[in-house]
Structures are given as C-alpha cells and as structure tokens.
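> Let me see the structure of the following:
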Amino acid sequence: MESYAHTAMDLEGWDVQQTLDDIVMVQFVDINEDGTMVKRGSMFVPIAAAPQVWRVGRVILKGPNCKYVKVGDNVIFPNDKGIQVREMNGLKNIAFLNEQRLFGTCTARAAFVPPIINVAKKTKSSKKVSLAD
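From the prediction side, this is the model:
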C-alpha cells in the first residue's frame, strides 16, 4: 500500500461516491496548496522535516461502519497513518484511513483570550469584589 502514497488518484471519468467498511476519506486542513508544508502555529514547516507530525483533516466521506465520525468533522491522526493522495476528484491533499487510526475529533480555537485574573479590589464599603464575578 505504501507504493500508492502521495500519488494522484487518476480515475478519469469516474468519481468516488462512498468509502466502504470503516474507511474515512479526509482532506488535510493543515497543509499548503502544493502539499509540501504543514502549518504549525503561525508558520509552515516542510513536511519532510517533521515526519512524525500530528495531522488535522476534515472528513469528506466515511464508510457505513464508522461509529464515531461524521462528514464535516475535523479529526486528528499521526502523519504516518493511512494512504495520502495528492489529488482526486478535484480535491487536493487527501488521505484514506481506517476510523480506528483516528485519535479524535477537534475544533479550531477561537482567537486566544487571556484567562481572567481573579484580582480583588476595594470598594467604598471595604468589601472585596472579584473581577471574575
């Protein structure tokens, strides 16, 4: 199976309609357009420099035996799991893997908000009031 990794799945005239069993097709959401770099924090790092990186992908198709994910979920998994395909059905940077290879679902964080600091201040009555209240 490794010989299929990073190839274009050229099925000219055919479109993949579904996956079977517990196979999940994901499209990477943490990658640059040409598929050579993975985003970490606010910068892109060459994938070759980080072979054991964790990946994030969005579920595009799922087989009927998938129990935990649904189409549209963002999932996390190690980069070395599944078969990565450069392009298929007009989609770039996708992978096929068994649901059991997924480590979980995830959501994108909102902009960082610093934690509330519980600082007490005095009022006229000398009663302490927490800013976190």
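> quick one: low-confidence parts of the protein?
1-8, 110-133 (pLDDT under 70).
> Geometrically speaking, which residue is the centre of it?
What sits nearest the mean C-alpha location of the chain, by Cα atoms, centre = their mean, is V56, with 1.7 Å.
> tell me which element that one is part of?
strand 54-62 (DSSP states H and E).
> Which is the succeeding secondary structure element to that strand?
strand 74-78.
> Just give me how far that following strand sits from the chain centre.
5 Å (Cα atoms, centre = their mean, to the nearest Å).
> who does the helix or strand following it pair up with?
Next helix or strand after strand 74-78 toward the C-terminus (DSSP H and E): strand 83-88. Sheet pairing for strand 83-88, assigned by DSSP bridges, gives strand 7-8 (parallel), strand 91-98 (antiparallel).
> name the helices or strands packed onto the strand holding V56?
Counting contacts by 3 or more Cβ pairs under 8 Å, 6 or more residues apart in numbering; DSSP states H and E, strand 54-62 packs against strand 23-28, strand 74-78, strand 91-98. Where C-beta positions appear, they are placed from N, C-alpha and C, glycine not excepted.
> Next, the angle strand 23-28 makes with it.
For strand 54-62 against strand 23-28, the angle by axes from the mean of the first three to the mean of the last three Cα atoms, to 10 degrees is 130 degrees.
> and strand 54-62, how far from the chain's centre?
Counting by Cα atoms, centre = their mean, strand 54-62 comes out at 6 Å from the chain centroid.
> Now do the buried residues in that strand.
By neighbour count with 16 or more other Cβ atoms under 10 Å, strand 54-62 contains the buried residues R55, V56, G57, V59, I60, L61, K62.
> nearest to F28, of these?
Comparing those against F28 with Cβ to Cβ places G57 closest, at 5.0 Å.
> Pretty sure the closest one sits against P78.
No. Between G57 and P78 there is no contact under Cβ atoms under 8 Å: 11.7 Å.
> how much space between C106 and K81?
15 Å (Cβ to Cβ, to the nearest Å).
> Give the helix, strand or coil label for A48.
For A48, the assignment made with DSSP: H, G, I helix; E, B strand; the rest coil gives helix.
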